[in-house]
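*Asks:* Got a sequence here, can you build the structure:
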Amino acid sequence: WILRLRDLFFSVLVFPVGTFVVASFWILFTLDRSLVYPEALDKFIPLWVNHAVHTMVLPLVLLELFISRHRYPTRRTGLLILGTVSISYLLWVLWIYYAAGDWVYPLLGLFNQTGLVVFFSVSLLMVMLLYILGEQLTLLVWGLTGKAKRS
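*Replies:* Predicted coordinates for the structure are as follows:
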């Protein structure tokens, strides 16, 4: 059961969410760093910590994909779990804004309600597409044995 849990955690959360965090952070940082990581944070968070959180995740995720075979759940199950976790996180972000009056990510303050719905929807779609990418990469690297066998 521990290997099934490991595989579920990697396939449903680690690969899609880790890849999404790295890609979205660095794209937004490159466009306008104040939207995701204001310069004032440099005084409190060392550069190496920023890279540990926003850069090193991707090479480690890819290393894990290539050195360890993971069995994916059915696509429906995987996407359902990923969607549930993603929506829960978005609700948490909205709750923090409601309770504190500040956005966790300054970027969100640029949107009106419709813009937030579109942004969150596109983000959710992207993370789900990354789930499918992870599934396909696993199949490419490991063959059919990377797909869950029903036992």
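*Asks:* just for this structure, where's the confidence low?
*Replies:* The chain contains residues with pLDDT under 70 at 144-151.
*Asks:* for it, what spans make up the helices?
*Replies:* 2-9, 15-32, 47-54, 57-67, 75-100, 113-142 (DSSP state H).
*Asks:* Including distance to residue 38 and mean neighbour count, could those go into TSV?
*Replies:* Glycine gets a C-beta too; all of them are placed from N, C-alpha and C. TSV is the format used below for the helices of the chain (distance: least, C-beta to C-beta, whole Å; neighbours: other C-beta atoms under 10 Å):
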stretch	distance to residue 38	mean neighbour count
helix 2-9	32	13
helix 15-32	10	17
helix 47-54	12	12
helix 57-67	21	14
helix 75-100	16	14
helix 113-142	19	15
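*Asks:* To residue 107, which of these lies closest?
*Replies:* Checking the helices of the chain against residue 107 by C-beta to C-beta gives helix 15-32 as the closest, at 6.3 Å.
*Asks:* and the closest one, how far from the chain's centre?
*Replies:* In terms of C-alpha atoms, centre = their mean, to the nearest Å, the centre of helix 15-32 is found 8 Å from the chain centre.
*Asks:* Same check on stretch 35-55?
*Replies:* Here stretch 35-55 is found 18 Å from its chain centre; the criterion is C-alpha atoms, centre = their mean.
*Asks:* Can you give me the distance of the closest residue to residue 61 other than its chain neighbours to residue 101?
*Replies:* Distances taken as C-beta to C-beta, 6 or more residues apart in numbering put residue 18 closest to residue 61, at 4.6 Å, once the chain neighbours are dropped. According to C-beta to C-beta, to the nearest Å, residue 18 stands 30 Å off from residue 101.
*Asks:* Let me see the contact set for the residue nearest to the spatial centre of the chain.
*Replies:* Centroid-nearest residue in the chain: residue 17, 1.6 Å away (criterion: C-alpha atoms, centre = their mean). Residues near residue 17 by C-beta atoms under 8 Å, 6 or more residues apart in numbering: 82, 85, 86, 127.
*Asks:* Could you rerun that using 7 Å?
*Replies:* residue 127 (C-beta atoms under 7 Å, 6 or more residues apart in numbering).
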